[in-house]
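> need coordinates for the below:
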Amino acid sequence: MGRPATPRAILDALVGFPTVSRDSNLELIDWVEDYLAQFGVKSTRVYNDEGNKAALYASVGPDVEGGVVLSGHTDVVPVDGQDWSTDPFTVVEKNGRLYGRGTCDMKGFDALALAAVPLALERGIKRPLQIALSYDEEVGCIGAPPMIDRMVRDAGLPRAGAVIVGEPSMMKVVSGHKGGTGFKLHFRGFEVHSSLMHTGVNAIMYGAKIIEWANQMNARNMARQPRPSDAIFEPPWTTVHVGTIHGGTAHNITAKDCHFGLDFRFVPGDDISEWEALMRARLAEIEAEMKAIHPSASIGIERYFSVPALKPEVDGPAEALVRRLTGRNTTEVVSYGTEAGQFQERDYSAIICGPGNIAQAHQPDEYLTVEQFEAGQAFMDGLIETLRA
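Numbers count the residues shown, from 1 in each chain. The predicted structure is shown next:
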């Protein structure tokens, strides 16, 4: 058996891999695979279509059902344009904080999960501890579904009774989150001189119509009385959002192209297919107006991410387990999406609990406090003792 690595040493190693979502994560996956192998733990990779990224899962302990999956992602957001006071890809400890890209979101949890592997083997767990590390979480939770599908189909992987997704929650028990889906929209217009704009199709101005529709939907949702199951969210309604827009050639030419994303963050009580149908119906109306002026005008629609909501489970085993380990009884939900909903969608009992404050995620000088890191270690120690019972 290999020599155990400390959680801090593992964190230093993981942060040292600049696994920004636009780049490969294979060097990190190589390191994790070698780390697990030194303890005799076999891991399975699940590559993306291009073969330049991979998810990884492994099982430690006996081949029986009822174990626990520790789920994390390996990718981080870019540091471009951010004013860092330290090297973002080197962990620097100052004033009780561990600075570095991903320390909080969420390589801190990944390090704790990996450090738990040799402890689980030494202490002789009776139910398995499973590790699941994904890629491309930061760009729409793209990498987890193929991994989860493989885990479900893997006859050699005993079915776990609970999944703990270690997104930063200050070690609070988060039992629900909003879902999300996003569409890339491309309005194709017809260029003419703006003095004759009535004969052209201005892609930007027609794109503005669906943006105004989004404003109307937000106002309508805000005015409604939320369902009791949704009232715990902030805000307690589905939101429609446009963050960036690009298009046009010059101020005196009707815009030929307009590109932007339209994203939904929906409460668990809403059916996203109904929202998509409403959006597509309005886009069809707008496209008909455009084509009435020039037949070449059109609207392209491409879904680029879809993340199911995490619905709070009544007496769910994952929630019950984490409440016992943390001693927390309060109900917590979040408005951002995670891979927990994707595990739940495949009939796993899932919960969110991890070290760190989400407010530090994606920020320059991102950090995880030493106190939270140590709280995560205590949590893992308690989990291993539970798996021994």
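> buried ones in the one helix or strand in the chain whose mean pLDDT sits lowest?
Ranking every helix and strand in the chain by mean pLDDT, DSSP states H and E puts strand 332-334 at the bottom, with a mean of 91. Across strand 332-334, burial judged by 16 or more other Cβ atoms under 10 Å covers 332-334. Yep, even glycine has a C-beta here, placed from its N, CA and C like the rest.
> equivalent analysis for stretch 219-227, please.
221, 226.
> repeat for stretch 134-142
Counting neighbours by 16+ other Cβ under 10 Å, stretch 134-142 gives 134-138, 140-142 as buried.
> ok, stretch 61-73 next?
61, 67-73.
> how about stretch 307-320?
307-313, 316-319.
> contacts for it?
140-141, 161-164, 173, 175-181, 229, 266-268, 331, 333, 337-342, 344-345, 348-352 (Cβ atoms under 8 Å, 6 or more residues apart in numbering).
> first-to-last residue distance for it?
24 Å (Cα to Cα, to the nearest Å).
> repeat for stretch 44-56
End-to-end span of stretch 44-56 (Cα to Cα): 5 Å.
> mind starting the numbering at 329 from now?
Will do, 329 is the new start, and the previous item becomes stretch 372-384.
> residue contacts, residue 614?
Residue 614 touches 534, 537-538, 627, counting by Cβ under 8 Å, 6+ apart.
> which SS state does it fall under?
Put simply, residue 614 is helix when judged by DSSP: H, G, I helix; E, B strand; the rest coil.
> from residue 654, how far out is it?
49 Å (Cβ to Cβ, to the nearest Å).
> try residue 638
Relative to residue 654, and taking Cβ to Cβ, residue 638 is found at 17 Å.
> same check on residue 401?
Taking Cβ to Cβ, one finds residue 401 at 22 Å from residue 654.
> and residue 669, that one's in a strand?
No - read with three-state DSSP, residue 669 is helix and lies in no strand.
> could you measure from residue 662 over to residue 436?
Taking Cβ to Cβ, one finds residue 662 at 18 Å from residue 436.
> pretty sure residue 587 is touching residue 511, no?
No - with contacts counted by Cβ atoms under 8 Å, residue 587 stays clear of residue 511, the gap being 11.5 Å.
> list the buried residues of the strand or helix carrying residue 475.
Under the criterion of DSSP states H and E, residue 475 resides in helix 472-481. Of the residues in helix 472-481, 472-476, 479 count as buried by neighbour count, 16+ other Cβ under 10 Å.
> secondary structure class for residue 525?
Going by three-state DSSP: residue 525 is helix.
> contacting residues for the closest residue to it other than its chain neighbours?
Distances taken as Cβ to Cβ, 6 or more residues apart in numbering put residue 582 closest to residue 525, at 5.3 Å, once the chain neighbours are dropped. Shown in contact with residue 582 (Cβ under 8 Å, 6+ apart): 517-522, 525, 528-531, 533.
> ok, now with 7 Å
517, 519-520, 522, 525, 528-530 (Cβ atoms under 7 Å, 6 or more residues apart in numbering).
> so which of these is the most crowded?
Per-residue neighbour counts (other Cβ atoms under 10 Å) across these peak at residue 517, which has 27 neighbours.
> pretty sure it is touching residue 535, no?
No - assessed by Cβ atoms under 7 Å, residue 517 is found out of contact with residue 535, at 8.9 Å.
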